[in-house]
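**Q** Sequence and predicted structure are below.
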Amino acid sequence: MNRRLPPLNALRAFEAAARCGSFSAAAEQLHVTHGAISRQIKQLEEWLGLALFDRVGKRVLLTDNGRQYLPVLQTAFDSIATATERLTQGRTRQFRINATPTLAMHWLLPRLTRFQLRHPGVELRLATSDTIIHDQHADFDIALRRGHDHWHGFVSHPFLTEHEQPLLSPALLADKPLATVADLARHTLLHSETRPVSWERWLAAAGSPALQAAAHQHFDHYYLALQAAVDGLGVALSAQPVTDALIASGKLVAPLDGPRVKARGYSWVLPLTLAEDPLCADFCAWLEEEGGN
């Protein structure tokens, strides 16, 4: 079949500029000059006979035609990249997992050997990030994120439910008993920017929304708040079952009977181009088995 296709380099230039929102950023990413990107996009617009960008001063904005064209190109490029990777890897396939740091450290890694035993010919690559997933090129085969949002260009499903309750080190508990919710007023509460309302939610559920703690400490990541609790700096909120290993090892204890407050939990997120991929489907099923969903 004789396909009528625009020049590939022009398509790459358009996709990069549209994704980055800038000709300069696209040029840097593709290792060419700003002028080269501009010429490639002009060539593509002339070939198509329509404008893909509006030029507003030094800024460029996608036209309606450009917005319609972009996701189609990205899906095609993703499919080509996936097929190329499989073809060039022979029997060894790389499987790229992108997970939030705390989930990776305390829940996924201790279990990952079980999945690896199912697929000994697969090379697992784990990266950590808690950045928001956009409708852009995915640099992963599967991502694991808190909550269950709608990510354009992706399919997702919950696999792990979380519950929160106060945790602290045995040494701190011995020094400052925590037998009731009111005892938290004698403690330092540990917060993380990735879970900004956790303590507010938990105290409200415990019937003490106005409780005044002795002090507060804030961390940018939840795993740092957990480590601070292990080191005796204060009281953190658990994210069970993610924190179960810390409790089982005796590094942290949960002295209060409750309440156990339901939190956002986690979902797996797949690019639509991999929605029917057998390995991805098996990994998603395995996550749901491990998570009990």
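**A** Done, it's in.
**Q** Relative to Leu73, how far out is Thr33?
**A** If you measure Thr33 against Leu73 using CB to CB, to the nearest Å, the figure is 22 Å. Backbone N, C-alpha and C define where each C-beta goes, glycine included.
**Q** Compare neighbour counts for the two and give me the winner.
**A** It is Leu73, of Thr33 and Leu73, that has more neighbours when counted by other CB atoms under 10 Å, with 16 against 13.
**Q** and that one, what element?
**A** In this structure, Leu73 is located in helix 64-89 according to DSSP states H and E.
**Q** tell me which residues in that helix are buried?
**A** 66, 69-70, 73-74, 77-78 (16 or more other CB atoms under 10 Å).
**Q** Repeat that for stretch 196-204.
**A** Of the residues in stretch 196-204, those scored as buried under the neighbour-count criterion (16+ other CB under 10 Å) are 198-199, 201-203.
**Q** Give me the residues contacting that stretch.
**A** The contact list for stretch 196-204 (CB atoms under 8 Å, 6 or more residues apart in numbering) reads 164-166, 181, 184, 189, 191-192, 209, 211, 237, 259, 261, 263.
**Q** So which of the residues you listed sit within strands?
**A** 164, 166, 189, 191-192, 237, 261 (DSSP state E).
**Q** before we move on, the earlier item: most neighbours among the contacts of stretch 196-204, please name it.
**A** Highest count within those by other CB under 10 Å belongs to Leu237, 28 neighbours.
**Q** List the contacts of it.
**A** 164-167, 195, 198-199, 202.
**Q** between these, which is nearest Ala248?
**A** For Ala248, the nearest member of the contacts of Leu237 is Leu167. The distance, counting by CB to CB, is 12.3 Å.
**Q** who's in contact with that closest one?
**A** Taking CB under 8 Å, 6+ apart as the criterion, Leu167 is in contact with 226, 229, 235-238, 243, 246-247, 252-254.
**Q** now this structure, which segments are flagged as low pLDDT?
**A** Within the chain, the set of residues satisfying pLDDT under 70 comprises 1, 88-91, 134-137, 293.
**Q** At which residues are the strands of it located?
**A** Counting by DSSP E, the strands of the chain are 53-56, 59-62, 93-99, 122-128, 142-146, 154-160, 163-164, 166-167, 188-192, 215-219, 236-237, 261-262, 266-271.
**Q** So which of the ones you listed has the densest surroundings on average?
**A** Between the strands of the chain, the one whose residues have the most neighbours on average, counting mean count of other CB atoms under 10 Å, is strand 236-237 (a mean of 30).
**Q** May I have the strands that pair with it, each with its orientation?
**A** Taking DSSP bridges as the criterion, strand 236-237 forms sheet pairs with strand 166-167 (antiparallel).
**Q** returning to what we had before: inside helices: which ones of the buried residues of stretch 196-204?
**A** 198-199, 201-203 (DSSP state H).
**Q** In CSV: these, plus distance to Leu172.
**A** Rendered in CSV, the data for these read as follows (distance: CB to CB, whole Å):
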residue, distance to Leu172
Ser198, 19
Trp199, 17
Arg201, 23
Trp202, 18
Leu203, 19
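**Q** Which of those sits closest to Phe95?
**A** Of all those, Phe95 sits closest to Ser198, with 31.7 Å by CB to CB.
**Q** The closest one and Ala17, how far apart?
**A** As for Ser198, its distance to Ala17 is 40 Å (criterion: CB to CB).
**Q** swap in Leu279?
**A** As for Leu279, its distance to Ala17 is 33 Å (criterion: CB to CB).
**Q** Who has more neighbours out of the two?
**A** Ranked by neighbour count (other CB under 10 Å), Leu279 and Ala17 place Ala17 first, with 27 against 15.
**Q** and the closest residue to Gln29 other than its chain neighbours, what does it touch?
**A** The shortest distance from Gln29 to any residue that is not its chain neighbour, by CB to CB, 6 or more residues apart in numbering, is 5.4 Å, and that residue is Ala16. Applying CB under 8 Å, 6+ apart, we find Ala16 in contact with 25-26, 29-30, 37.
**Q** same question, Ala27
**A** Residues in contact with Ala27 (CB under 8 Å, 6+ apart) are 33-34, 36-37.
**Q** list the helices and strands the helix holding Leu73 packs on?
**A** Using 3 or more CB pairs under 8 Å, 6 or more residues apart in numbering; DSSP states H and E, the elements in contact with helix 64-89 are helix 8-20, strand 93-99.
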